[in-house]
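**Q** Fold the stuff below for me.
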Amino acid sequence: IAVDIACGFGHTLAMTSDGRVYGWGLNKHGQLGLGDTDTRYKPSIQLSFDEILKCRSLCADGNSSALIDESGRLFTWGSTASDRLLHSRKELNNRTFLSTPMLVKCLLGNNIYEIAMAKKCSAVLVHAELVDINPTIGPQKSLNKLTITGCGFFTSSELIVKFTSKSSEASHSAPRSCIGELLSPISIVCKPPKLPLAGEYDVNVS
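**A** Presented below is the predicted three-dimensional model:
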């Protein structure tokens, strides 16, 4: 049973309920992801991706294609025009199309749940979440460095890290905040402010 379908200029991709992907139609730019450029007239060929887990979502536009697997990783293939496949120039090595799916390495570590392609660009939506904080225990007023690991962080010179006390006395104490520095797409570092109360705190990034 087909549960998702995506159409480009002249090709179609379909995903079944068990995460398998089929493609048919024009294939001059390798947009079917089958390793060749032969046109397919029937949706009878299952796309076989060695390193891709069960497919979760499909996208096709023009002569380019993309899928998101169940772990939130993005794979793209087809025409490389306007850098819409999101691969680096070095990875593409002057190729004008990819006939097999390639993992988008610049977004590794993010849990991607949607991609949209246009004629000259692409955009992705990722889940923003905090995964880990290190250290989890420290002095109330003199902690020099806190590292926050997660995904979906946006690039900004003014990331706000807010600390809200979970203590029952917190109703009389406003949250404290500081500026965080984005070290990588999945890591933020900051110097926490002096906290008014000892105990546990909720940490949020905005």
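**Q** can you give me the helices in the protein?
**A** Secondary structure of the chain (DSSP state H): helices at 89-92.
**Q** Could you list the low-pLDDT ranges of it?
**A** Applying pLDDT under 70 to the chain flags residues 44, 46-51.
**Q** Would you pull up how far stretch 3-16 lies from the middle of the chain?
**A** In this view, stretch 3-16 has its centroid 21 Å away from the chain centroid, taken as Cα atoms, centre = their mean, to the nearest Å.
**Q** And the residue nearest the centre of this protein?
**A** By Cα atoms, centre = their mean, the chain has its centre lying nearest to Ile112, at 3.4 Å.
**Q** So it sits against Ala128, correct?
**A** No - using Cβ atoms under 8 Å, Ile112 is not in contact with Ala128, being 11.7 Å away. Bear in mind the C-beta positions are built from the backbone N, C-alpha and C, glycine included.
**Q** Roughly how far does the residue nearest to the centre of the chain sit from Pro139?
**A** 38 Å (Cβ to Cβ, to the nearest Å).
**Q** Likewise for Ile115?
**A** 44 Å.
**Q** Now do Gly138: how many residues are near it, please.
**A** 14 (other Cβ atoms under 10 Å).
**Q** residues contacting it?
**A** Residues near Gly138 by Cβ atoms under 8 Å, 6 or more residues apart in numbering: Leu146, Pro192.
**Q** same check, this time on the one 5 residues further on
**A** Contacts were defined as Cβ under 8 Å, 6+ apart; by that measure Leu143 touches Pro135, Lys191, Pro192.
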